[in-house]
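Asker: structure for this input, please:
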Amino acid sequence: MEAQFSTGMWAMTLRSSLPVITSINFDFKPLRSSLFPGVSSSIKTHDGFGDAHAASASAVLAAVRTGLSKYNTKKVALTGHSLGGAIAIIATAHLSVQIPGVQLRTITYGSPRVGNQAFVDFVNARSVMNRINNKDDLVPILPGRGLKFAQTEGEIHIVNSNAWVSCPGQDNTNSQCTIGYVGNIFEGDRNDHKGPYDGITLGNSGCT
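Answerer: Model (predicted):
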């Protein structure tokens, strides 16, 4: 976890690796009432991602409050890769509840689907969202839509030509977007999960 200041905005980067996601049990769990007071129990995340967020939630919230006060700003950017991206998305919801008036910007790289449709709608309404996916990365299509998981909006897909293609909405099925490229896990390439993203490789060989 890193925090740094950029012009007019305080930035939080959440770093973590994601084990082989195909071996995870895909169970939903409501957001913890202790972290998300007043939020409907119908808003749910993958239980493992929720647990991972909860492990650092208090420390992140304290760090963000300190950064906002120190730099006299109300803007926070959250970013993360893989599991770090999943945690950043849940942290977006958490900060929106705990810090009224905060202005959030969330950018993830190779993030899996994190929660149900109610959760995705909740997060999309509270932050400017973008998720950047690289070529045939299979992680962004997991857990599957058939299991009632949904993706946040604002996908930008790096296609084979290395062009960055905007894919408006949630789980855009256009042939140039991730779902169009990776119809199932057997069509994916785990090596694409690391990038490169604009020339930068993230994670390591065990990240997916």
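Asker: would you mark the buried spots in the longest helix along the chain?
Answerer: The residue-count maximum for a helix in the chain (DSSP state H) belongs to helix 47-71. For helix 47-71, the neighbour count (16 or more other Cβ atoms under 10 Å) marks 48-50, 52-54, 57, 60-61, 63-64, 67-68 as buried. (Glycine included, C-beta is placed from N, CA and C.)
Asker: by mean pLDDT, point me to the weakest helix or strand of this structure.
Answerer: The weakest-scoring helix or strand in the chain, judged by mean pLDDT, DSSP states H and E, is strand 2-6 (a mean of 43).
Asker: so is the nearest residue to residue 187 once chain neighbours are set aside in a helix, a strand, or just coil?
Answerer: Excluding the flanking residues, the one nearest residue 187 by Cβ to Cβ, 6 or more residues apart in numbering is residue 136, at 6.8 Å. What DSSP: H, G, I helix; E, B strand; the rest coil gives for residue 136 is coil.
Asker: mind giving me the packing neighbours of the longest helix of the chain?
Answerer: When contacts are defined as 3 or more Cβ pairs under 8 Å, 6 or more residues apart in numbering; DSSP states H and E, helix 47-71 packs onto strand 2-6, strand 9-15, strand 28-30, strand 75-81, helix 83-98.
Asker: 6 Å instead?
Answerer: Using 3 or more Cβ pairs under 6 Å, 6 or more residues apart in numbering; DSSP states H and E, the elements in contact with helix 47-71 are strand 2-6, strand 9-15, helix 83-98.
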